[in-house]
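> Take this sequence and fold it.
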Amino acid sequence: MNKKGGFTDIFLFMIFAFIIVLISVVWIFIGGEVEDQLHDTLGQMDFGNETKGTPNATQLIDNSVGKTNISFGALRWISVLLIIGMALSIFIGSYLVTTKPIFFIPYIFITIIAIVVSVPISNTYEILMTDPTLASTFAGFTATNFMILQLPMFVTIIGITGGIIMFTRMGKREEQYYGY
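Predicted coordinates for the structure are as follows:
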């Protein structure tokens, strides 16, 4: 409750959104590659007599790494929910911040800087997304791709909305304490 400012939250939003998506893409890509390599190298091995219930390597790979890759598929929607959750936390943090009107000008400058910084992040994401190695993995992240490619727009909306919430609350907080 003693939070004195949420001015840097928008920068954390941009950085963590970018990192969350990249980590999710890399996990899904690596999981698929590992499963394919295991099937190529160990897929035809037989560990014993199948009539006695001993599975072959393909069944073991499907039951272990294959199930893991299915669970990694959830990262596509988990990443979207994490990004939306971060945006909501900025709004809640802005609501809880007590600030003085003098900080409105620095907040505007910080928001403008965040918008300018979000452009290269979005462009870098587009370059990574079109890389032939990872393009098929990025294709599954439709909502996240949209959010990161439109990051300057989202940063503008979140920054301005957070500022409106923060600076319209400043007078109401004093009324609550002093009973005006």
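> Quickly find the element holding G140.
Applying DSSP states H and E as the criterion places G140 outside every helix and strand.
> Run a quick neighbour tally on it.
14 (other C-beta atoms under 10 Å). To be clear about C-beta, it is placed using only N, CA and C from the backbone, and glycine gets the same treatment.
> mind starting the numbering at 15 from now?
Shifting the count to begin at 15 puts that one at G154.
> correct me, but it touches R90?
Yes: using C-beta atoms under 8 Å, G154 and R90 qualify as a contacting pair, with a distance of 5.3 Å.
> intersection of neighbour lists for those two?
The overlap between the contact sets of G154 and R90 (C-beta atoms under 8 Å, 6 or more residues apart in numbering) consists of I42.
> and R183, what pLDDT?
In this prediction, R183 carries a pLDDT score of 69.
> Could you do V111 as well?
81.
> how near is it to S78?
Taken as C-beta to C-beta, to the nearest Å, the spacing of V111 relative to S78 amounts to 48 Å.
> who has more neighbours, these two?
Per other C-beta under 10 Å, whichever of V111 and S78 has more neighbours is V111, with 21 against 12.
> That one touches M180, doesn't it?
Yes: in this structure, V111 sits in contact with M180. The criterion is C-beta under 8 Å, and the distance is 5.3 Å.
> show me the residues around the nearest residue to G87 once chain neighbours are set aside that make contact.
Among residues not flanking G87 along the chain, I42 sits closest, at 7.1 Å (C-beta to C-beta, 6 or more residues apart in numbering). The contact partners of I42, by C-beta under 8 Å, 6+ apart, come to N83, F86, G87, L89, R90, T151, G154.
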